[in-house]
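[1] Model the structure of this input:
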Amino acid sequence: KLESHLRLVHFLKELIPVSKIILEVANFDIQKIKNPTIEGEEYQNGDQAGWKNVREYVLHRDHHQCQSPKCQEKKPQDKNQILVIHHLGYWKKDRADRPENLITLCNKCHTTKNHQPEGFLYNWDVKLKSFKGATFMTTVRKNMVDQLECKETYGYITKSKRVEQKLEKSHHNDAFVIANGSAQTRCKSYSVTQRRRNNRSLERFYDAQYIDIRTGKKESGKTLSSQRTKRNRENLPENLREYRGFKLKKGKRAIRKQRYPFQPGDLVRLNGKIFTVQGTMSNGKSVMLSNKKGVTPKKLKLIKYGKGVTFELIPTMIENANRC
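    Okay, here's the model as predicted:
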């Protein structure tokens, strides 16, 4: 993260004549934020002090209750329900056992079906209190100031300057007043994103599909699975494999053998108009554009790659380019 920030600053210095850098920093006592009465030797103890393992701590933190929206509506909850620990970031392959990535669920909510893209556990937005930003700032701020050889300022100074000029809270307004802006002509803000250049995954799995004999609808093999997540056979959820009916499609593993010239996010020109590439189909023979139409690659002219550090074009800019 530190290298990404430094690389972005050096990239901007190549585009515009930056003569001075001012970095807004902050000091955080995270343990004081969590426990205002902490003092002395108590700073040597972490959140899990006194607990045998992470699981016990997470159950205590969640008051030994299922945290899913459905179960939260039921008060009181079933005291005999079986509780399990769920990884919030499993859908993005984050299986870390840190408390911020764990939450308590019951076995009725922690099912294979709920883990699928259409289930509520997939990309579940849980507002657990996190201090990632504060930890990052505390860890790298001095290193950034030293390497950039810049001056420091603080949030309360930025806020007072912004209030004096009657500007609303935003990142670009903060940057404007930090740079001692007052009556200068303002420019429109641009959205700058950084995307990875290559997807290094060479293999992709396509799940088998069956007819669910209960509903007659098409379901994936993962949905109609045994739901077995542990070796012991006590308190296992319902085995859904017995509901697999006619097999519509076999599962397969596809190996990527080539790299296509157009990647998702690239800007291309077709018949004088600008489109965004959505993806490539039919082994590179067709390119899907933002207008939902497939076009052969030979008809497209690349304008800009959509990977790396990119400045996002707003819709009005694309419309103006299309008029030209």
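
[2] just the strands in the stretch 101-250 of the chain please.
    The residue ranges that make up the strands of the stretch 101-250 of the chain, judged by DSSP state E, counting those that start in this stretch, are 102-106, 151-154, 192-195, 203-206, 209-212, 218-220, 244-249.

[3] Buried deepest among the ones you listed, which one?
    The highest mean neighbour count among the strands of the stretch 101-250 of the chain, using mean count of other CB atoms under 10 Å, belongs to strand 102-106: a mean of 21. C-beta: built from backbone N, CA, C; applies to glycine.

[4] what would the strands of the stretch 101-250 of the chain look like in CSV with mean pLDDT and distance to Pro17?
    As requested, these are exported to CSV (pLDDT from 0 to 100; distance: least, CB to CB, whole Å):
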stretch, mean pLDDT, distance to Pro17
strand 102-106, 92, 48
strand 151-154, 91, 18
strand 192-195, 77, 18
strand 203-206, 88, 46
strand 209-212, 94, 58
strand 218-220, 92, 55
strand 244-249, 94, 59
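
[5] closest to Ala96 out of these?
    Closest approach to Ala96 among those (CB to CB): strand 102-106, 8.8 Å.

[6] hmm, back to that, looking at the strands of the stretch 101-250 of the chain, which is closest to Ile21?
    Taking CB to CB as the criterion, Ile21 comes closest to strand 151-154 out of these, the separation being 7.5 Å.

[7] Strand partners (parallel or antiparallel) of that closest one?
    Paired neighbours of strand 151-154 in the sheet (DSSP bridges): strand 22-25 (parallel).

[8] and the partner strand, C-alpha only, in PDB?
    Below are the C-alpha coordinates for strand 22-25, written out as PDB (Å, rounded to 0.1, in the frame of the first residue of the first chain):
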ATOM      1  CA  ILE A  22       1.600  18.700   1.600                       C
ATOM      2  CA  LEU A  23       0.300  15.400   3.200                       C
ATOM      3  CA  GLU A  24      -2.600  15.300   5.600                       C
ATOM      4  CA  VAL A  25      -1.900  12.900   8.400                       C
END
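
[9] what's downstream of that strand, the next helix or strand?
    For strand 22-25, the following helix or strand on the C-terminal side (DSSP states H and E) is helix 30-34.

[10] so where is the chain shaky, pLDDT-wise?
    Counting by pLDDT under 70, the chain shows low-confidence ranges at 127-129, 229-236, 312-324.

[11] can you tell me which residue is nearest the centre of it?
    When CA atoms, centre = their mean is applied to the chain, the residue found nearest the centroid is Lys92 (7.9 Å).

[12] Now do the end-to-end distance for stretch 249-261.
    With CA to CA, to the nearest Å applied, stretch 249-261 spans 30 Å between its terminal residues.

[13] Go through it and flag the buried ones.
    For stretch 249-261, a neighbour-count test (16 or more other CB atoms under 10 Å) marks Tyr260 as buried.

[14] before we move on, what about stretch 57-72?
    Going by 16+ other CB under 10 Å, stretch 57-72 has these buried residues: 57-59, 61-62, 65-68, 71.

[15] chain center to it: distance?
    Centroid separation between stretch 57-72 and its chain, computed with CA atoms, centre = their mean, to the nearest Å, is 23 Å.

[16] Same check on stretch 287-306?
    Relative to the centre of its chain, stretch 287-306 is centred 27 Å away, using CA atoms, centre = their mean.

[17] Output it in CSV with nothing but the alpha carbons.
    In CSV, the C-alpha atoms belonging to stretch 287-306 read as follows (Å, rounded to 0.1, in the frame of the first residue of the first chain):
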residue,chain,number,x,y,z
VAL,A,287,-15.9,-8.9,-28.6
MET,A,288,-18.9,-7.8,-26.4
LEU,A,289,-19.3,-4.0,-26.2
SER,A,290,-21.1,-1.7,-23.8
ASN,A,291,-24.1,-1.6,-26.2
LYS,A,292,-24.5,-5.3,-25.6
LYS,A,293,-23.5,-6.2,-29.2
GLY,A,294,-20.8,-8.7,-30.3
VAL,A,295,-18.4,-7.4,-32.9
THR,A,296,-15.4,-9.0,-34.7
PRO,A,297,-12.1,-7.7,-33.3
LYS,A,298,-11.0,-6.5,-36.8
LYS,A,299,-13.6,-3.8,-36.9
LEU,A,300,-12.4,-2.2,-33.6
LYS,A,301,-9.7,0.3,-33.0
LEU,A,302,-8.1,0.5,-29.6
ILE,A,303,-8.2,4.0,-28.0
LYS,A,304,-7.1,3.4,-24.4
TYR,A,305,-6.3,0.4,-22.2
GLY,A,306,-8.5,0.0,-19.2
